[in-house]
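Asker: Fold the following and give me the result.
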Amino acid sequence: MRADDSAPIAPREPNASMTTPQSIVFFDGVCGLCNAAVDVLLRADRREALLFAPLQGETARQRLGTAPDAAFDTIILLDARGRHERSDAALRICQHLGGLWRLWLVFWLIPRPVRDLVYGFIARNRYAWFGQKAACRLPTPAERARFLP
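Answerer: Numbering: from 1, shown residues only. As a prediction, the model looks like this:
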């Protein structure tokens, strides 16, 4: 063992390695439910493993090939394992968060078509149930480094 191997690992500075993000959560920036979910994820992601980008933004156009006038009815997670959508994305996000969030992974036992049927029902009704904003969410100064354009 080298001498420096036994030294404690210093915690990384928040957002220090954000220039090449591993995991990006793409969300509908004008959806009330989606914005509330992002707020929950920001609080739950103590390791700052997730970055966030609106589906209407430049990062989504570049990384996902979305059109500016596309209809956004899903959450997308882009991570080291690839692109995940709908219920798969939601469960993978729980996996990234770790801890008690992993309890949600029991839903992997439900076949994807069934999970996505429920997901689709919520997605179709989210604006009616949770509202729609006129513009995408603006991060607070403290959150700014976790958001991509």
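Asker: State the distance from residue 57 to residue 29.
Answerer: In this view, residue 57 and residue 29 are 7 Å apart by Cβ to Cβ, to the nearest Å. The way it works is simple: take the backbone N, C-alpha and C, and place the C-beta from them, glycine included.
Asker: Neighbour count for those two, which is higher?
Answerer: residue 29 (22 against 19; other Cβ atoms under 10 Å).
Asker: Might you report the residue contacts of that one?
Answerer: 35, 54, 55, 56, 57, 133, 135, 136, 137 (Cβ atoms under 8 Å, 6 or more residues apart in numbering).
Asker: Can you show me the strands along the protein?
Answerer: Counting by DSSP state E, the chain has strands at residues 23-27, 50-54, 76-79, 82-85.
Asker: hang on, the earlier thing: switch the contacts of residue 29 over to CSV; also include distance to residue 144.
Answerer: Formatted as CSV, the contacts of residue 29 follow (distance: Cβ to Cβ, whole Å):
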residue, distance to residue 144
35, 16
54, 14
55, 19
56, 18
57, 14
133, 18
135, 16
136, 14
137, 12
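Asker: which one of the residues you listed is nearest residue 124?
Answerer: Distance to residue 124, by Cβ to Cβ, is smallest for residue 55 among the contacts of residue 29, at 16.1 Å.
Asker: Now do the same contact list for the closest residue in space to that closest one that isn't next to it in sequence.
Answerer: What sits nearest to residue 55 in space, not counting adjacent residues and going by Cβ to Cβ, 6 or more residues apart in numbering, is residue 72, at 4.3 Å. Residue 72 sits next to 28, 31, 55, 56, 66 when contact means Cβ under 8 Å, 6+ apart.
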